[in-house]
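K.L.:
sequence first, predicted coordinates after that:
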Amino acid sequence: MKYFVLVVLINLYTVISFSQSSSAGCSEFKTGEFAYRDSSTNTIWIIKRTTKHQTEKNEKDGIVIKNKIKWLSPCEYQLTQTWTNSKSLKKRNSSSLNYVIVSMAGDSYSYTCNCSDGTKRGGTVVKMPG
C-alpha cells in the first residue's frame with residue numbers, strides 16, 4: 001500500500017511540475033514582436049503585441065489588422081479584431097478567435113485556432129530578437 005501511495009504521489013508531482021513549467025514558458029510570448037507565415041497565402045505577417053493589444057501587418061500587401069488581446073489562461077488567448085485597412089477583412093471587426101499555445105521550442109510556439117466557421121487551424125509564431 002505504501003508503494004502504491006508513493007507511486008501516485010510521484011506521478012502527481014511530475015504532472016503538476018510539467019504543467020507549471022509549460023505554462024510559465026507561455027508568458028514569454030505575451031508581449032513583443034513576432035512573425036508568422038500565413039499558409040493560405042504564403043505571406044509573412046509581423047505581429048507587435050502589448051499586454052492588451054496586438055497589431056498584425058502584412059508588408060507585401062500593406063494590410064494592417066488591430067486586435068484586442070485577452071489572455072484566458074497562461075497558454076490561451078482571445079483576439080478580437082477592432083480595426084483593419086482591408087475592405088475584405090472589415091467584416092471581421094468585433095469578431096473573436098481563440099488561440100491555444102500547444103507547444104514551444106526556443107523562441108517559437110505552435111498554436112491551434114478555433115475559427116468562426118467551425119474549422120481548426122494551426123501554425124507557428126516566432127519571437128523576433130530585440
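P.N.:
Cool, got the structure.
K.L.:
I'd guessed residue 122 sits against residue 111; true?
P.N.:
Yes. Between residue 122 and residue 111 there is a contact under Cβ atoms under 8 Å: 6.1 Å. To be clear about C-beta, it is placed using only N, CA and C from the backbone, and glycine gets the same treatment.
K.L.:
quickly list what's touching both of those two.
P.N.:
Counting by Cβ atoms under 8 Å, 6 or more residues apart in numbering, the contacts common to residue 122 and residue 111 are residue 102.
K.L.:
ok, those two, which is more surrounded?
P.N.:
Per other Cβ atoms under 10 Å, whichever of residue 122 and residue 111 has more neighbours is residue 111, with 19 against 12.
K.L.:
correct me if wrong: residue 121 contacts residue 100.
P.N.:
No. Here residue 121 lies out of contact with residue 100, judged by Cβ under 8 Å, at a distance of 11.4 Å.
K.L.:
residues shared between the contacts of these two?
P.N.:
In contact with both residue 121 and residue 100: 112, 113, using Cβ under 8 Å, 6+ apart.
K.L.:
which intervals of this structure have sub-threshold pLDDT?
P.N.:
Across the chain, the ranges flagged by pLDDT under 70 are 1-23.
K.L.:
right, I'll call it a day here.
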